[in-house]
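J.: predicted model, plus sequence, below.
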Amino acid sequence: MTLEEFQNDIRAGIPDRLPAAKPYDKQVNHAPKRKEILSEEEKVLALKNALRYFPQKHHALLAREFAEELRRYGRIYMYRLRPDYKMYARPIEEYPARCRQAAAIMLMIQNNLDEAVAQHPHELITYGGNGAVFQNWAQYRLTMKYLSEMTDHQTLVMYSGHPMGLFPSHPDAPRVVVTNGMVIPNYSKPDDWERFNALGVSQYGQMTAGSYMYIGPQGIVHGTTITVMNAARKRYHDGRTDSRGMLFVSSGLGGMSGAQPKAGNISGVVSVVAEINPKAAEKRYKQGWVDEMHSSLDELIPRIRKAVADREVVSMAYVGNVVDLWERLAAEDIRVDLGSDQTSLHNPWAGGYYPVGLSYEASNKMMVEEPVRFRECVQESLRRQVDAINKLTAKGMYFFDYGNAFLLESSRAGAAVMGSNGHFRYPSYVQDIMGPMFFDYGFGPFRWVCTSGKPEDLALTDRLAAEVLEQIRETAPEDIRGQLDDNIHWIREAGRNHLVVGSQARILYADSEGRIKIAQAFNRAVADGRLSAPVVLGRDHHDVSGTDSPYRETSNIYDGSNRTADMAIQNVIGDSFRGATWVSIHNGGGVGWGEVINGGFGMVVDGTDDADRRIRQMLLWDVNNGIARRSWARNEGAVAAIRREMERTPDLKVTLPNFASEELIRQVLAPEK
């Protein structure tokens with residue numbers, strides 16, 4: 001397809017003349033069939049909802065086709081409308097657009113659907129088993145058409161993948177406002193998502209899937225690396241000063257979890273990650289994100305012993321069920337130093353977790369045809385998995401929940417994960433590591449994409465970012481120097497670690513000062529031509545301010561507010577009028593529908609004074625909103641961080657907490673004698 005044909009296809013939107021039906025490509029990793037949840041009347045409604053994208057002349061043909069998709073897959077994806085062109089992040093100049101910001105958003109959308117990036121690309125699912133960019137291909141086509149027509153006096157409004165339309169606005173307004181899964185709270189259970197999604201009226205955007213900010217497994221690899229590194233440091237004793245020869249065991253290679261083996265290598269450990277889906281494991285192996293693949297435990301166990309004994313730095317994928325792996329490690333009395341889990345347990349009944357004793361294919365069949373029995377199998381599997389983990393932690397393994405609802409769903413299954421105090425016996429990684437060491441000080445997963453698509457532009461941004469952090473390090477207070485040292489090492493080594501999958505993107509943990517100064521350096525480089533095209537700034541929603549989630553991002557908030565969502569909502573509102581190019585707010589992400597509210601942004605940095613203003617105003621708010629909230633929760637690191645920011649920024653005035661004596665409070669509450 002020529003560039004002109006590609007551009008014409010984008011501009012056409014939903015074509016008046018329907019394209020030919022497409023065969024089901026069995027070489028692609030497809031989403032599992034979703035369970036049948038709609039009543040007969042609701043199926044009628046689902047078809048009416050799907051057909052409203054098309055003129056009546058097509059209804060007779062498409063009604064039968066969509067009814068068959070609903071019957072066969074549990075959803076209406078409109079496969080016929082999947083474009084013929086290759087899906088990937090093209091250089092920004094190739095997109096047909098009337099404003100540069102819209103072209104950048106088109107680039108980001110296509111990256112989320114790139115087959116090298118997306119978990120289930122033909123179902124428009126980027127990661128997490130159900131993290132969708134759109135619900136169907138009509139929505140994709142219509143959205144891209146609107147973006148091609150948009151001016152900087154319009155805003156595109158997105159309702160759970162559906163483009164509601166272009167509305168008049170102004171240049172300082174966001175070009176796109178995205179909501180995903182925003183439902184009335186009483187209708188936010190997993191089956192509600194299944195029903196709304198099957199009806200075509202809502203979707204699960206995960207975090208960066210539905211907000212067009214996913215950058216492949218690299219998007220989580222820096223966070224995973226600093227988590228593994230600091231977990232390993234907790235194991236340093238008896239004079240030990242490095243992690244060589246430590247064994248790290250986990251599961252999941254499909255989406256964000258695919259970062260684990262690369263993070264293990266960067267951290268210097270032996271890592272073994274189980275993956276039940278052979279296509280997912282093969283994809284990560286071919287991309288160079290895991291060193292070895294093993295399908296036999298009889299072969300894998302001796303290999304683990306040798307790698308640990310030789311203090312190798314190596315990552316291994318076990319293509320099989322993680323419970324079999326954990327039970328074999330416990331039975332063989334192998335010393336595991338670090339353990340976690342990254343199965344998609346936010347979605348346990350629809351492909352997020354595969355129970356032991358069933359093949360991948362048998363599980364996919366049972367979850368649709370026998371959902372009650374499948375649920376029982378999942379919960380029995382979780383009980384067995386926890387039993388094996390408990391045996392290994394009794395021998396010294398440090399186990400942490402990686403925010404995927406593992407402990408939550410295990411507790412619901414009756415697994416032995418509760419401690420004597422009524423809390424989980426294992427910490428969330430945010431409680432032990434990410435929260436007190438990073439989020440409280442404003443460090444989080446800043447990211448950027450070079451819209452030129454040129455590796456040399458990405459290499460320059462790496463150098464600029466490193467120079468900024470090194471300058472900050474010279475005068476940084478002692479309590480954040482360790483974080484800066486790790487982050488400087490990360491960005492200096494980023495190119496050599498071959499992290500790029502899809503767009504020319506980078507992830508880097510940085511605080512408010514670092515993000516602003518790095519972004520300003522990029523803006524100057526675009527202005528003077530050292531960077532050949534604009535840079536898109538963003539972050540993971542899994543950040544200081546973007547997410548309210550009691551089992552992950554806000555799990556180290558102990559003032560009782562960790563189940564409130566003011567922070568995430570305030571954040572997206574504040575970003576929208578301080579300079580974001582697009583904003584998003586989602587129900588669900590990481591730990592599941594109804595368990596979290598999270599939001600994010602994108603900002604196009606184009607070398608202008610206006611971009612510099614947006615950088616200063618928006619990035620300051622985007623980080624310090626969360627620090628202020630964490631400070632008010634009496635997190636001491638956050639109190640120190642927000643005091644520093646107020647010294648740097650005279651117009652910032654934050655309410656600080658006073659610390660009460662717990663002894664005094666208990667005395668006044670004690671019953672009178």
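T.: Sure, I can see it.
J.: low-confidence ranges, the stretch 201-350 of the chain, go.
T.: The stretch 201-350 of the chain contains residues with pLDDT under 70 at 255-256.
J.: all helices for it, in order.
T.: If you assign secondary structure with DSSP state H, counting those that start in this stretch, the helices in the stretch 201-350 of the chain sit at 218-233, 260-267, 278-286, 297-309, 322-331.
J.: which stretches of the stretch 501-650 of the chain have low pLDDT?
T.: Within the stretch 501-650 of the chain, no stretch has pLDDT under 70.
J.: hang on, the earlier thing: of all the helices of the stretch 201-350 of the chain, which one is nearest residue 253?
T.: Minimum separation from residue 253 across these (C-beta to C-beta) falls at helix 278-286, 4.7 Å. Bear in mind the C-beta positions are built from the backbone N, C-alpha and C, glycine included.
J.: how far off centre is that closest one?
T.: Mean C-alpha position of helix 278-286 versus that of the full chain (C-alpha atoms, centre = their mean, to the nearest Å) differs by 19 Å.
J.: that one versus helix 260-267: what angle between them?
T.: With axes from the mean of the first three to the mean of the last three C-alpha atoms, to 10 degrees as the criterion, the two stretches helix 278-286 and helix 260-267 enclose an angle of 30 degrees.
J.: so for helix 278-286, what gets flagged as buried?
T.: For helix 278-286, the neighbour count (16 or more other C-beta atoms under 10 Å) marks 280, 281, 282, 283, 284, 285 as buried.
J.: could you dump those to a markdown table with distance to residue 639?
T.: Listed next are the buried residues of helix 278-286 as a markdown table, based on distance: C-beta to C-beta, whole Å:
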| residue | distance to residue 639 |
| --- | --- |
| 280 | 43 |
| 281 | 45 |
| 282 | 48 |
| 283 | 44 |
| 284 | 41 |
| 285 | 46 |
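J.: single out the most deeply packed of the helices of the stretch 201-350 of the chain.
T.: helix 260-267 (a mean of 27; mean count of other C-beta atoms under 10 Å).
J.: now do that one: everything it contacts.
T.: Identification of contacts with helix 260-267 by C-beta atoms under 8 Å, 6 or more residues apart in numbering yields 217, 221, 224-225, 227-229, 232, 243, 248, 250, 252-253, 270-271, 273, 284, 289-291, 313-317, 342, 490, 493, 497, 499.
J.: quick one: which of these sit in strands?
T.: The members of those that map onto strands under DSSP state E are 248, 250, 270, 271, 273, 314, 315, 316, 317.
J.: quick one: contacts for the residue lying closest to residue 352 once chain neighbours are set aside?
T.: Taking C-beta to C-beta, 6 or more residues apart in numbering as the measure, residue 352 lies nearest to residue 344, with 3.3 Å between them; neighbours along the chain are not counted. For residue 344, the residues meeting the contact criterion (C-beta under 8 Å, 6+ apart) are 128, 129, 130, 252, 254, 255, 257, 351, 352, 353, 404.
J.: buried ones only from the ones in strands among the contacts of helix 260-267, please, as a ChimeraX command.
T.: For the buried members of those, the matching ChimeraX selection, counting by 16+ other C-beta under 10 Å, is:
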select :248,250,270,271,273,314,315,316,317
